[in-house]
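Student: give me a 3D structure for the following:
(one chain, ligands or ions: 1)
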Amino acid sequence: MASATEIEAMRRAIAVAEAALGIPNPNPAVGAVVLDAAGQVVAEGATTAIGGPHAEVVALAAAGERARGGTVVVTLEPCNHEGRTGPCTAAIVAAGVARVIYSVDDPHDSAAGGSAQLRANGVEVESGLLVEEAKRDLEPWLVAAGQRRPYVTWKYAATLDGRTAAADGTSRWITGPGARADVHVVRSRSDAVVVGIGTVLADDPELTVRGVDVGRQPLRVVVDTDARTPADARVLSAVAPTVVAVADDAAPERVAALRATSAEVLSLPRGDGGLDLAALLAALYSRERYLLLLEGGARLAAGFVARGFVDRVVAYIAPALLGCGAPVVADLGVTSIDAAIRLSPKDLTFLDGDVRIIAASTPRSGG
Ligand SMILES: NC(=O)c1ccc[n+]([C@@H]2O[C@H](COP(=O)([O-])OP(=O)(O)OC[C@H]3O[C@@H](n4cnc5c(N)ncnc54)[C@H](OP(=O)(O)O)[C@@H]3O)[C@@H](O)[C@H]2O)c1
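Tutor: Numbers count the residues shown, from 1 in each chain. Modelled structure (predicted):
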């Protein structure tokens with residue numbers, strides 16, 4: 001049974017994790033707090049950028065000898081494997097910690113078993129403390145691990161009548177500076193940003209994170225069946241890496257032109273509406289791109305939605321009307337209100353003059 005101090009420490013660990021969101025990608029943002037043997041908070045830490053120490057190890061280093069006989073409070077089960085860093089369980093045992101309280105079980109076969117390993121070394125272990133709160137930020141990473149495909153967040157900006165561009169093709173800017181700044185925060189927490197070739201040709205976006213301190217830029221991914229991405233497209237700028245996914249039977253001369261750029265060309269089988277999106281997701285998952293931000297446009301979004309690949313929607317809605325112009329999403333084959341794809345509302349936030357709505361594709365525990 002956790003004490004009031006330990007519950008408070010877990011709240012702090014969750015806050016520390018939230019402040020680190022995106023920094024350790026593709027690792028999850030985890031927070032840890034160390035209490036000394038008398039139950040006083042002596043240190044805290046969050047998982048650092050890839051290859052760096054995990055939250056428990058950061059907090060234990062800050063606590064030093066004061067951790068001996070104390071308690072580690074951490075949002076995710078301490079890992080028990082030799083990955084890019086050593087096992088956290090070994091660091092906890094070496095520090096002489098008497099008790100560990102964690103919130104969420106590690107879903108990975110390779111990392112799990114941390115609690116068993118700790119118990120085998122005489123450490124008292126408790127789990128499940130504030131699990132719903134801790135899962136709020138860990139959810140995408142947990143879903144990706146469970147489904148063995150990236151967690152997909154589909155983000156768009158639209159008018160109140162669901163238009164993402166005007167009839168003349170102009171789309172800058174539908175929303176105001178507050179919403180646009182928020183997009184960069186959302187992007188900074190992603191492992192990859194995905195767009196269709198239609199968006200590249202229409203808007204020439206750069207798709208980088210700007211105005212947010214980010215450990216690494218997300219991978220940019222262009223879904224481009226026939227290798228039509230222009231060599232001077234801004235999405236190929238040197239600021240961030242880019243993958244252009246093309247059909248494995250795309251015209252060789254076009255593919256060769258793309259290979260001459262800085263982009264990595266990924267050849268995939270064709271599927272309905274263009275490329276096989278399941279194959280795309282599998283390829284990105286194998287590159288440890290677990291958190292995907294789908295940024296349009298309408299046809300690619302329809303492809304993802306129709307296949308059940310959208311886990312969450314982040315919609316920035318401007319209170320403006322266009323009456324005509326590009327829709328948020330192309331035809332989904334839904335012809336009756338009974339067949340509408342319904343989502344669960346999760347959050348509603350006012351951003352200056354706009355509104356951000358977050359909805360999840362299915363109700364998930366803690367999501
Ligand atoms: N406001 C916003 O949030 C926002 C964001 C992004 C875009 N937009 C707007 O959206 C418009 C572009 O949308 P769009 O629908 O023309 O283009 P898109 O969705 O960006 O790209 C569609 C293209 O992606 C390729 N693709 C490959 N595999 C696919 C698959 N399995 N399913 C679907 N597409 C696949 C296809 O290219 P091939 O035809 O070569 O096979 C398809 O034509 C622009 O007007 C842009 O301004 C708005």
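Student: contacting residues around stretch 303-315?
Tutor: The contact list for stretch 303-315 (Cβ atoms under 8 Å, 6 or more residues apart in numbering) reads 140, 143, 149, 151-158, 186, 272-274, 277-278, 281, 294, 301, 328-329, 332-333, 341, 343, 346, 356-361, 367. The way it works is simple: take the backbone N, C-alpha and C, and place the C-beta from them, glycine included.
Student: from the chain's centroid, how far away is it?
Tutor: On the basis of Cα atoms, centre = their mean, to the nearest Å, stretch 303-315 sits 14 Å off its chain's mean C-alpha point.
Student: how about stretch 173-190?
Tutor: With Cα atoms, centre = their mean, you get 15 Å for stretch 173-190.
Student: what's in contact with it?
Tutor: Contacts for stretch 173-190 (Cβ under 8 Å, 6+ apart): 21-22, 25, 153, 155, 157-159, 164, 193, 207-212, 214, 218, 291-293, 314, 316-318, 320, 351-354, 356.
Student: can you pull out the strands in the stretch 251-367 of the chain?
Tutor: For the stretch 251-367 of the chain, the strands defined by DSSP state E, counting those that start in this stretch cover 264-268, 270-271, 274-275, 291-294, 312-318, 326-327, 344-351, 354-360.
Student: likewise for the stretch 1-150 of the chain?
Tutor: Secondary structure of the stretch 1-150 of the chain (DSSP E, counting those that start in this stretch): strands at 31-35, 41-46, 71-76, 99-104, 124-126.
Student: now mean neighbour count too, for the ones you listed, in JSON lines please.
Tutor: Below are the strands of the stretch 1-150 of the chain laid out as JSON lines (neighbours: other Cβ atoms under 10 Å):
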{"stretch": "strand 31-35", "mean neighbour count": "30"}
{"stretch": "strand 41-46", "mean neighbour count": "20"}
{"stretch": "strand 71-76", "mean neighbour count": "31"}
{"stretch": "strand 99-104", "mean neighbour count": "24"}
{"stretch": "strand 124-126", "mean neighbour count": "15"}
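Student: of all those, which one is nearest the ligand?
Tutor: The ligand lies closest, by Cβ to the nearest ligand atom, to one member of these: strand 41-46, at 31.1 Å.
Student: model confidence for the residue lying farthest from the centre of the chain, exactly?
Tutor: Ranked by distance from the centre of the chain (Cα atoms, centre = their mean), the top residue is Ala38, with 37.7 Å. For Ala38, the pLDDT comes out at 96.
Student: where does this structure have low pLDDT?
Tutor: 110-112, 363-367 (pLDDT under 70).
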